[in-house]
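Participant: Quick one: sequence plus predicted model below, questions after.
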Amino acid sequence: MKKSFTLIELILVLIIMGILATIAVEILLKVSKNYVISKAENRLVFEEDLVINKIAAKLENRIPNSVIATECNATNNGCENGDVKGFISIQDLTENNAYKYPVIEWLAKDIYSRRGEWSSSLKRIVPGWSGFVDLKKTQRNANDDYNITIPYSNMSIIKQIDGNWTEAWGINGYKNVFESNLSVLIFSGADGRGAFNDINHSYGWYKTMYPDNKAQKVFAIIKDDINTTLNNATIRVKTIDDTNDTTVYEGFFIVKGADAIVPVYNAATNDYNLTFIQNYYPWKDENYTDGNSSLLAIHVVQFKFRQDGGMMRIYLCMQDPKVDVGNNQKLTICKEKVVF
């Protein structure tokens, strides 16, 4: 009867146990790595959802015909420092030239004053501006000078809300946003996308770089108390830059400034941070370096935008530089969103 292991059997057992232990360790390491990657992926997906939805929310309030793509070199801090080489209308952006234009800019509708404020006497919210023009009551004073009637609008509400906004951001001229041309009027145009002649003679983009650039479609509100009642306002408006080719449309927007999204290169991680900039005024010869900035996203590896018909397409890729998914590749998630 056999009562003990031979040396060979013992060695074989140890070898088999070693093999099994190695396999078990590899499985545990792989499970642990997959858990770390999965957890990081969920976190990155959540963060990217927040960022791309925030970008979409900002772009929903754009004047569509005002959107431009701006040329600068992000890898040498050119974009961050406002070293702009040129710009084009978003409509002229193509797959072949998109790489040259990493910054997107647009004029923003004044949504807060449009929502209005609560009236304790009426027990309801009174809007600041309706967006409608009564063409029958429009009076032309000169080529670029009009008296227009805008039903269901209250200029004092716009002045108060926008004044509070600009004061909070420390912007000069907040005491009267109309006299200082911080809040201006832009007609909606024939298709509701903003009055548009051409991008160089419409909104005043980059006047310092291009002295011939005009703000011929931006109207200063030079008199806001011709006739103001609770549900009706007649105001006097005149273009910032003179032109003999102005048109009054049945719709308008109150605009409180321009917004921009600017990529800033991060050499340490070889990716970009996205900065959101607001509260600057192209018709006052300002660019995005004059605005108020806030961090929008970090570790961005791609940020692309295109206009397709009346829609904006936003493509965003973000990475986690601390998570390696293999072959020295960092965890990267990409998302695309359409903004109407």
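Facilitator: Nice, I can see it. Numbers count the residues shown, from 1 in each chain.

Participant: In which helix or strand does residue 55 reside?
Facilitator: Under the criterion of DSSP states H and E, residue 55 resides in helix 7-60.

Participant: next one: residue 274
Facilitator: Here residue 274 is assigned to strand 271-280, by DSSP H and E.

Participant: rewinding a little: what angle separates the helix holding residue 55 from strand 271-280?
Facilitator: Helix 7-60 runs at 20 degrees relative to strand 271-280, counting by axes from the mean of the first three to the mean of the last three CA atoms, to 10 degrees.

Participant: Give me the next element, helix or strand, following helix 7-60.
Facilitator: As the chain continues past helix 7-60, the following element, by DSSP H and E, is strand 68-71.

Participant: Please name the strands paired to the very next helix or strand once past that following strand in the sheet, noting orientation.
Facilitator: Counting by DSSP H and E, the next helix or strand C-terminal to strand 68-71 is strand 86-89. Paired neighbours of strand 86-89 in the sheet (DSSP bridges): strand 68-71 (antiparallel).

Participant: May I see the buried residues of the strand it pairs with?
Facilitator: For strand 68-71, burial by neighbour count (16 or more other CB atoms under 10 Å) applies to 68, 69, 70, 71. Using the backbone N, CA and C atoms, a C-beta is placed for each residue, glycine as well.

Participant: hang on, the third one packs against residue 100?
Facilitator: No - with contacts counted by CB atoms under 8 Å, residue 70 stays clear of residue 100, the gap being 9.6 Å.

Participant: now the helices for the chain?
Facilitator: Per DSSP state H, the chain carries helices over the ranges 7-60, 111-115, 155-168.

Participant: Quick one: distance of the longest one to the chain centre.
Facilitator: When you say that, I think you mean helix 7-60. 36 Å (CA atoms, centre = their mean, to the nearest Å).

Participant: Show me the shaky parts of the stretch 1-150 of the chain.
Facilitator: Along the stretch 1-150 of the chain, the parts satisfying pLDDT under 70 run over 1-5, 28, 31-35.

Participant: Let me see the contact set for residue 102.
Facilitator: 70, 72, 74, 79, 262, 263, 303 (CB atoms under 8 Å, 6 or more residues apart in numbering).

Participant: Equivalent analysis for residue 174, please.
Facilitator: Per CB under 8 Å, 6+ apart, neighbours of residue 174: 163, 165, 166, 167, 180, 182.

Participant: Can you tell me how far the second one is from residue 204?
Facilitator: In this case it means residue 165. Separation of residue 165 from residue 204 (CB to CB, to the nearest Å): 21 Å.

Participant: Which one's more surrounded, those two?
Facilitator: residue 204 (23 against 20; other CB atoms under 10 Å).

Participant: what's the closest of the buried residues of strand 68-71 to residue 129?
Facilitator: residue 68 (24.8 Å; CB to CB).

Participant: what's across from that closest one in the sheet?
Facilitator: residue 89, residue 105.

Participant: if I look at it, how far off is residue 144?
Facilitator: Separation of residue 68 from residue 144 (CB to CB): 23 Å.

Participant: sorry, back to before: got the helices of the chain as JSON lines, with distance to residue 148 columns?
Facilitator: Below are the helices of the chain laid out as JSON lines (distance: least, CB to CB, whole Å):
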{"stretch": "helix 7-60", "distance to residue 148": "26"}
{"stretch": "helix 111-115", "distance to residue 148": "17"}
{"stretch": "helix 155-168", "distance to residue 148": "12"}
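
Participant: To residue 239, which of the ones you listed lies closest?
Facilitator: Taking these one by one with CB to CB, helix 155-168 is closest: 18.8 Å.
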